[in-house]
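*Asks:* Dropping a prediction and its sequence here:
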Amino acid sequence: MTFAMIHQVVVTGLLFAFTMMIGVGLTLSVVALLTVVFRDRIAYLMRRWPRLLGSVSRGTGGIAGLVLVAVAAAEIANWLAFT
């Protein structure tokens, strides 16, 4: 929005902001809809295999952390290569 205002294309900035709001609204709506639709199935899985779901949850959190560390390390390596 600031870029659009600086370059005197306010309408474009407003359209971009409006498009972002629509995207966020759609994403939140889809997540809420999926939660309602699969509520019973998720509750069944949580009752049936609580330890498995806990392990999967911790595993995905660990993998996400490793990916973030790898991306940060790559960015630092690129930064050091150019300085």
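*Replies:* That came through, no problem.
*Asks:* Buried residues, stretch 7-27. List them.
*Replies:* Of the residues in stretch 7-27, those scored as buried under the neighbour-count criterion (16 or more other CB atoms under 10 Å) are residue 13. No exception for glycine: its C-beta is placed from N, CA and C like everyone else's.
*Asks:* Spell out for me which residue occupies the centre of this protein.
*Replies:* Central residue check for the chain by CA atoms, centre = their mean: the C-alpha nearest the mean position is that of residue 27, 10.1 Å away.
*Asks:* For residue 33, see how far away it is.
*Replies:* Residue 27 sits 11 Å away from residue 33, going by CB to CB, to the nearest Å.
*Asks:* mean confidence score for the longest helix along the chain?
*Replies:* Taking residue count as the measure and DSSP state H as the definition, the longest helix of the chain comes out as helix 50-82. The predicted model assigns helix 50-82 a mean pLDDT of 95.
*Asks:* try stretch 12-20
*Replies:* The pLDDT scores in stretch 12-20 average 90.
*Asks:* tell me how far that stretch is from the chain's mean position?
*Replies:* Distance, stretch centre to chain centre, for stretch 12-20: 20 Å (CA atoms, centre = their mean, to the nearest Å).
*Asks:* With only the CA atoms kept, save it in CSV.
*Replies:* Below are the C-alpha coordinates for stretch 12-20, written out as CSV (Å, rounded to 0.1, in the frame of the first residue of the first chain):
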residue,chain,number,x,y,z
THR,A,12,-3.8,-0.5,-7.5
GLY,A,13,-2.8,-0.6,-3.8
LEU,A,14,-6.4,-0.7,-2.7
LEU,A,15,-7.1,-3.5,-5.1
PHE,A,16,-4.1,-5.4,-3.8
ALA,A,17,-5.3,-4.9,-0.2
PHE,A,18,-8.8,-6.0,-1.1
THR,A,19,-7.5,-9.1,-2.9
MET,A,20,-5.4,-10.0,0.2
